[in-house]
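1. below are the sequence and a predicted model for it; my questions follow.
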Amino acid sequence: MAVKRRFANAAIFILLLILALLVLAPILVVLMNSFKGQFFISDAPFKLPTLTETADGPATFVGFKNYLSGIEKAGFLSAFGYSLFITVFSVGAIILFTAMTAWYIIRSKGKFSSALYYLFVFSMIVPFQMVMFPMSKVANMLHLDNPVGIIVIYLGFGAGLSVFMFSGFVKSIPLEIEEAAMIDGCNPIQTFFLVVFPILRPTAITVAILNAMWIWNDYLLPYLVIGNKYRTIPIAVQYLQGGYGSRDMGALMAVLVLSIIPIIIFYLICQKYIIKGVVAGAVKG
């Protein structure tokens, strides 16, 4: 039995290693090509950049030239600022308001709170393509077509899953803790922020990671709502493509690398809370 168990563990490890390499391979290819001249990327995309001329051809390594070119052509610094502003405040709004909503839904037993909960759940299954054109029209009418207004739209689209996850965790919080806070003189607002919200930390971090990855990489919603005037990183990357399909592949690869670095760092810092938050919201509830 011990031999079979070791063999099974080794097989699982090899399988997971292969899957990890398959996931990391595209990122490594983009990183490798970001240091190569654009004419060599199409000819030999899977070859490592060479520092010196070889029998196969000239040196392909260009240092940080692609990065400087991409930052200038794409207006990366401006796009990074808009993406950072929208992502940070959208995620903050989603966490704050959906946590409060979930707490109200679970603690307020009634038909209205039950209907409100199922309305949020239903919003998770509505395809974005069904509402994108009416949404863009309404956003324009309400003057939400700016970096501040789009935060409200992201709050609406991110509320369904977030309320669902928070609701599952709130069910696991003993009501006696909140009653004790009320006896000590806390009003409902104080009870939520001083007692309930700190307990929601694992789920809040999970919600933050999921929404941050979505909002940071989102192309369609910013393109429909705020357009070219306030370019986020995905829109700036798209505009590296020139007329008639021409594009600076080196600059494109460099900007792609720069765009994924912040979200990877954020994910690595918070990844330990993902499983904890998902399990807490799904199993304890």
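-> Good, I have the coordinates.

2. where does the stretch 101-250 of the chain have low pLDDT?
-> 242-246 (pLDDT under 70).

3. and the gap between the residue nearest to Ser123 when sequence neighbours are not counted and Asp184?
-> Residue nearest to Ser123 in three dimensions, not counting chain neighbours: Gly160, with 3.9 Å by C-beta to C-beta, 6 or more residues apart in numbering. C-beta coordinates here come from the backbone N, C-alpha and C atoms, glycine included. Between Gly160 and Asp184 the distance is 35 Å, computed by C-beta to C-beta, to the nearest Å.

4. now Gln271
-> 36 Å.

5. with Ala20 instead?
-> With C-beta to C-beta as the criterion, Ala20 and Asp184 are 50 Å apart.

6. the one helix or strand Tyr67 maps to packs against which elements?
-> Taking DSSP states H and E as the definition, Tyr67 sits inside helix 65-74. On a contact count with 3 or more C-beta pairs under 8 Å, 6 or more residues apart in numbering; DSSP states H and E, helix 65-74 meets helix 249-270.

7. got a list of what the residue nearest in space to the middle of the chain touches?
-> Nearest to the geometric centre of the chain sits Met213, at 0.9 Å (C-alpha atoms, centre = their mean). The contact partners of Met213, taken as C-beta atoms under 8 Å, 6 or more residues apart in numbering, are 263, 267.

8. next: the one 5 residues further on.
-> Residues in contact with Asp218 (C-beta under 8 Å, 6+ apart) are 232, 234.

9. same check on Arg107?
-> 170, 175, 178.

10. so which of the residues you listed is the most crowded?
-> Val170 (22 neighbours; other C-beta atoms under 10 Å).

11. hmm, it is touching Val196, no?
-> Yes. In this structure Val170 lies within contact range of Val196 using C-beta atoms under 8 Å: 7.3 Å.

12. joint contacts of the two?
-> Trp103.

13. Thr101 and Val170, how far apart?
-> 10 Å.

14. what's the separation between the residue nearest to the centre of the chain and Tyr223?
-> For Met213, the distance to Tyr223 (C-beta to C-beta) stands at 18 Å.

15. cool, Leu77 as well?
-> 20 Å.

16. more neighbours: those two, which one.
-> Neighbour count, other C-beta under 10 Å: between Leu77 and Tyr223, Tyr223 has more, with 16 against 10.

17. shouldn't that one be in contact with Ala236?
-> No. In this structure, Tyr223 is not within contact of Ala236 by C-beta under 8 Å, at 11.1 Å.

18. what's in contact with the helix holding Tyr67?
-> By C-beta under 8 Å, 6+ apart, the list of residues contacting helix 65-74 reads 34-36, 38, 76-77, 236-237, 239-240, 248, 250-255, 257-258.

19. select only the buried ones of those in PyMOL?
-> In PyMOL, a selection of the buried entries from the contacts of helix 65-74 looks like this (16 or more other C-beta atoms under 10 Å):
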select buried, resi 34+35+36+38+76+236+237+240+248+250+251+252+253+254+255+257+258
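
20. quick check: Leu48 is in a strand.
-> No. Counting by DSSP: H, G, I helix; E, B strand; the rest coil, Leu48 falls outside a strand, being coil.
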